[in-house]
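Novice: starting from these lines, generate the structure:
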Amino acid sequence: MAGAIFEPASFTYMTLLLPENIRNRFNAILSFVHSGAFVTGPLIAGVLFMIGSLKEALFVNVVIFLVCAAITLFLPKKMSSATIENSKITWMNIRDDWHLVVHFSKKAIPFFVIYMMFQTVMLMTAALDSMEVTFAKKVLHLSDTAYGSLVTIAGIGFLMGAVFTNILVRFAPAKLLMGLGTLLVSVGYVIYSFSSTYLLASIGFFVLSFFLSISNTGYMTYIQSNIPTEMMGRISSLYEMLSSSIQIVVILFLGLATHWFSVKEVVISGSILMFCVAFYLTLLSANQMKKKLVK
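Specialist: Below you'll find the model as predicted:
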């Protein structure tokens, strides 16, 4: 619940602070930081386990959360010339926000379609991730150590992808990063779903994690460029609510599907569906880029 409040608020805040010409580079650096945390976090946790107990490691984690929260108090309050409305939360205001979002979505249908296509791919990744351990154990017959090394490979892929993204953002537009990045993420999932050996599974993990950083950076920059900052918090929060609702249904559906089909069949079907949606997203992005070039 706290994350649902924090994500749209922090995203809008960052957008208001950042000049348009450096947003893509900032998003690439942010992706690098997240990827670095994905690798260093488990490493530090492992060291804490060796030094002390699990309880002490969790306590250190909580303290770090509180320190990070305290640091946010020092963030600048002055953002941009955008007006900030201090209105009370009433049913009338909530209804007006819904009308505002619907009106914006009708006016910006190409943007809304691309947004939902990207979110669909991300929903599929979340749904397939929920079956990741079961697939690794029952289909690939991996030990805990082997599965742990797969996660490490994914972390290295994230980190390398983030480094590559920092170079790529200087030359490639956001739509291209989002479209091709998402397509190659789905390719990584397809490789993983069809894998029967540890080597093939590790290649799939590396590919999907490497290009996830690129697609996320392109997506963030694309969103910041297409939603007016004064409406960004309301639009992104309502869009996220819609995506989260669909995600619950998708995960439940795939979970139920494993009762009728094998885990491998469900994972393969999900990854192929993800690839089809990602391919369509890439075509839409390329088509929009062509139209802009013609104009």
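Novice: pass me the low-pLDDT residue ranges in the stretch 1-150 of the chain, would you?
Specialist: 35-36, 38-39, 43, 78-89 (pLDDT under 70).
Novice: what are the boundaries of the helices in the stretch 1-150 of the chain?
Specialist: Along the stretch 1-150 of the chain, the segments classed as helices by DSSP state H, counting those that start in this stretch run 2-17, 23-51, 54-71, 91-107, 109-129, 132-134, 144-168.
Novice: tell me which residues touch residue 241, please.
Specialist: Taking C-beta atoms under 8 Å, 6 or more residues apart in numbering as the criterion, residue 241 is in contact with residue 4. All C-beta atoms are positioned from the backbone trio N, CA, C, and that covers glycine.
Novice: now render the helices of the stretch 1-150 of the chain as TSV, adding distance to residue 203 and mean neighbour count.
Specialist: Converted to TSV, those look like this (distance: least, C-beta to C-beta, whole Å; neighbours: other C-beta atoms under 10 Å):
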stretch	distance to residue 203	mean neighbour count
helix 2-17	32	15
helix 23-51	19	16
helix 54-71	32	11
helix 91-107	39	12
helix 109-129	17	19
helix 132-134	16	14
helix 144-168	9	18
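Novice: may I see those organised as TSV, with distance to residue 267 added?
Specialist: Listed next are those as TSV, based on distance: least, C-beta to C-beta, whole Å:
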stretch	distance to residue 267
helix 2-17	27
helix 23-51	22
helix 54-71	31
helix 91-107	32
helix 109-129	6
helix 132-134	9
helix 144-168	14
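Novice: out of the ones you listed, which is closest to residue 179?
Specialist: Residue 179 sits nearest to helix 109-129 of all the helices of the stretch 1-150 of the chain, at 8.6 Å, using C-beta to C-beta.
Novice: helices or strands next to that closest one in the packing?
Specialist: Using 3 or more C-beta pairs under 8 Å, 6 or more residues apart in numbering; DSSP states H and E as the contact criterion, the secondary-structure elements in contact with helix 109-129 are helix 174-194, helix 198-226, helix 229-260, helix 263-294.
Novice: and that helix with helix 198-226, angle?
Specialist: In terms of direction (axes from the mean of the first three to the mean of the last three C-alpha atoms, to 10 degrees), helix 109-129 departs from helix 198-226 by 150 degrees.
Novice: list of residues touching helix 109-129?
Specialist: Counting by C-beta under 8 Å, 6+ apart, 105, 175, 178, 182, 185-186, 189, 193, 208, 215, 219, 222-223, 226-227, 239, 243, 246-247, 250-251, 254, 267, 270-271, 273-274, 277-278, 280-281, 284-285, 288 sit against helix 109-129.
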